[in-house]
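**Student:** Just to be clear, the model below is a prediction. Sequence and coordinates:
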Amino acid sequence: MSASALKKLNICMNNLISVALSQYGVKEVKGSKDHPQIINYFTSLGFDGGKFKDETAWCSAFANWVAKKAGYEHTNQLTARSWLSVGDSTTNPEPGDVVVLWRENPNSWKGHIGFLIKETKRYVYLLGGNQGNSVSIKAYPKKRVLDFRKLKKNG
């Protein structure tokens, strides 16, 4: 989805969304090869890219890459739930805010992270990495939201 398509949907374009959208469509490569940009999400954070495949859970690596490139605080960690420790919790989320979801069950260490595009009564629409093995926009049930986080700009 292009920036102009989001504008037609009346979605606020902030720097986090703009940077994330620049990666829209980056997709895992089937087989033994890896998409170099997905590996770059890891290496740009200081991780050894040789230790990762594009099939590795990469939603947090992508979110860190976006936040770092856009000049916002980030976790520099690869777990989605690490995002519960940055920014401020908000009950009034806006497009571009971080959404942390639980995976499997609310008490598991597993999760998912993405940037809010919009919310409805039942769903949050996230722009994120490793959603259907690509950078995409996907709807998730609101009942899976652990928290909405408003990131702070660096400096």
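**Tutor:** Done, it's in. Residues are numbered from 1 along each chain as shown.
**Student:** what about Y125, distance to S134?
**Tutor:** Distance of Y125 to S134, given as Cβ to Cβ, to the nearest Å: 15 Å. In short, each C-beta sits where N, CA and C put it, glycine included.
**Student:** ah, wrong one, I meant K118
**Tutor:** 19 Å.
**Student:** same deal with E94?
**Tutor:** E94 is 25 Å from S134, by Cβ to Cβ.
**Student:** who has more neighbours, the two?
**Tutor:** More neighbours surround S134 than the other of E94 and S134, with 17 against 13 (other Cβ atoms under 10 Å).
**Student:** where does this structure dip in pLDDT?
**Tutor:** 1-13, 49, 53-55 (pLDDT under 70).
**Student:** which ones are touching the residue nearest the centre of it?
**Tutor:** By Cα atoms, centre = their mean, the chain has its centre lying nearest to G114, at 3.0 Å. Contact analysis of G114 by Cβ atoms under 8 Å, 6 or more residues apart in numbering lists C59, A63, V98, V99, L101, L126, L127, G128, G129, Q131, K138, Y140.
**Student:** name the helices or strands packed onto the lengthiest helix in the chain?
**Tutor:** Counting residues, the longest helix found in the chain (DSSP state H) is helix 59-70. With contacts taken as 3 or more Cβ pairs under 8 Å, 6 or more residues apart in numbering; DSSP states H and E, helix 59-70 sits against helix 15-21, helix 36-43, strand 111-119, strand 123-128.
**Student:** Output these in a markdown table; the columns should cover distance to K27.
**Tutor:** Compiled in a markdown table, the helices and strands packed on helix 59-70 are given as follows (distance: least, Cβ to Cβ, whole Å):
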| stretch | distance to K27 |
| --- | --- |
| helix 15-21 | 15 |
| helix 36-43 | 9 |
| strand 111-119 | 16 |
| strand 123-128 | 13 |
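**Student:** Would you mind telling me which of those is nearest F148?
**Tutor:** In terms of Cβ to Cβ, the element of the helices and strands packed on helix 59-70 nearest to F148 is strand 111-119, at 6.9 Å.
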